[in-house]
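1. Next comes the sequence, and after it the predicted model I'd like to discuss.
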Amino acid sequence: MLRMAVAAAAICGPALAQGSDPNAAFPPTGGEGIYRGVCQGCHMPDGQGAEGAGAYPALTGKRLQSAAYPAEVVIRGRKAMPPFGPYLSDQQIADVVNYVRTHFGNAYADKATPELVRSLRPPATAGGGE
């Protein structure tokens, strides 16, 4: 898990750290902006994924039927994908999940909400940071 957190920090930490500056270009807002700024480097601009140094799955298909599944993957990470929960807000995660679920050949009508995302986050540990 530590290795995944380090990977997430290396991938997006410097850019996300700019979020304290309201004039910074990052973190992006809106699902498309977040996808382009955070996700497309691995999942490709068309969401079809790739294989090479690693396997990056296409963002299509039945596993996206429920908004909860992709939201949880973004929050916690999965396999080689680092967790982005520490770096993205509930709204940002809901926005990018909704973008993916309505693009790349997907047409899921129900929406992820910040409340859904909040309910999927791991509980804070006693004495821990945030």
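-> Okay, I see it.
2. What spatial separation is found between the residue nearest the centre of the chain and Ala68?
-> Among the residues of the chain, the one closest to the centroid is Val74, at 3.8 Å (Cα atoms, centre = their mean). For Val74, the distance to Ala68 (Cβ to Cβ, to the nearest Å) stands at 11 Å. Any C-beta I mention is one placed from the backbone N, CA and C, and that applies to glycine too.
3. same deal with Ala107?
-> 18 Å.
4. Tell me the helix or strand right after the helix or strand bottoming out on mean pLDDT in the chain.
-> Across the helices and strands of the chain, mean confidence by mean pLDDT, DSSP states H and E is lowest for helix 2-17: a mean of 45. Using DSSP states H and E, the next helix or strand after helix 2-17 towards the C-terminus is helix 31-34.
5. list the helices and strands that following helix packs on?
-> helix 90-101 (3 or more Cβ pairs under 8 Å, 6 or more residues apart in numbering; DSSP states H and E).
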